[in-house]
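Colleague: Predicted model and sequence follow; I will ask about them next.
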Amino acid sequence: MAKWKSFEDRFWENVKRGNPDECWMWTGSNQRKGYGSITMNGVRQTAHRASYMQHHGVILSSDEVVGHSCNRAGCVNPAHLYLTTNAGNVKDAFRDGLHPKQRTCRGESHQHSRLREGQVIDIKKKLSSGGRLTIIAREYSVNANTIRNIRDGKSWRGVMP
């Protein structure tokens, strides 16, 4: 007859432990964006939140989230985890340059970019001369919304003609 494993046993069999100052990476199932996932007391939790509760106690406020001082989603080392608010977590992400609105992969280095910086400069010049969105879009084989976003400063805003 199979013996049920305790939460601690299930948790630690999914952790690659290192030295106390290193990241301890979750090797079990993952949620999106690399966060580990485990069931704790019948409730699905992120692994780092479960690690925090296992080592520091229950999180009393639903407004509190567990942040990573190491900025690694899969890390469950309790020494790298701290309690914060969602607003504090977003502030920390901005401070560390990790917020999605600060993506460093912009412009032509972005994996989905179909335009080069020189082309965007030409597009901006054509727009400022009264060029029509659809004609410019056809010329560069992109959607008119791409040209509209360039015109409106929603994309390629750092590129000046």
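Modeller: Ah, there it is. Numbers count the residues shown, from 1 in each chain.
Colleague: who touches the helix or strand hosting G67?
Modeller: Taking DSSP states H and E as the definition, G67 sits inside strand 64-68. Strand 64-68 is contacted by residues 46, 48-49, 52, 59, 75, 80-86, 88-89, 92 when judged by C-beta atoms under 8 Å, 6 or more residues apart in numbering. Backbone N, C-alpha and C define where each C-beta goes, glycine included.
Colleague: Provide the strand pairings for that strand, with the direction of each partner.
Modeller: If you go by DSSP bridges, strand 64-68 pairs up with strand 81-85 (antiparallel).
Colleague: Buried by neighbour count: which residues of the partner strand qualify?
Modeller: When neighbours are counted by 16 or more other C-beta atoms under 10 Å, the buried residues of strand 81-85 are found to be L81, Y82, T84.
Colleague: List the residues that contact the closest residue in space to G67 that isn't next to it in sequence.
Modeller: Leaving out its chain neighbours, the residue that sits closest to G67 by C-beta to C-beta, 6 or more residues apart in numbering is T84, at 4.6 Å. Counting by C-beta under 8 Å, 6+ apart, T84 makes contact with E64, V65, V66, G67, D92.
Colleague: And the fourth one, how far from D21?
Modeller: What that stands for is G67. Going from G67 to D21 by C-beta to C-beta, to the nearest Å gives 17 Å.
Colleague: which one of the two has more residues nearby?
Modeller: G67 (20 against 9; other C-beta atoms under 10 Å).
Colleague: hey, what's the more buried one bridged with?
Modeller: Those that pair with G67 in a beta bridge, by DSSP bridges, are Y82.
Colleague: Start at 426, not 1
Modeller: Noted, 426 is the first residue going forward, which turns the last one into G492.
Colleague: separation between it and T471?
Modeller: Separation of G492 from T471 (C-beta to C-beta): 11 Å.
Colleague: Outside of the biggest helix by length in the chain itself, list whatever touches it.
Modeller: The single longest helix within the chain, with elements called by DSSP state H, is helix 542-553. With contacts defined as C-beta under 8 Å, 6+ apart, helix 542-553 is touched by G532, E533, L540, I561, Y565, I572, I575, R576, W581, V584, M585, P586.
Colleague: Need the phi and psi values for N502.
Modeller: Note on N502: its backbone torsions stand at phi -70, psi 120 [degrees, to the nearest 10].
Colleague: contacting residues for the residue nearest to it when sequence neighbours are not counted?
Modeller: Once flanking residues are discounted, N502 sits nearest to W449: 4.1 Å by C-beta to C-beta, 6+ apart. Listed by C-beta under 8 Å, 6+ apart, the contact set of W449 reads V440, K441, R442, G443, C500, V501, N502.
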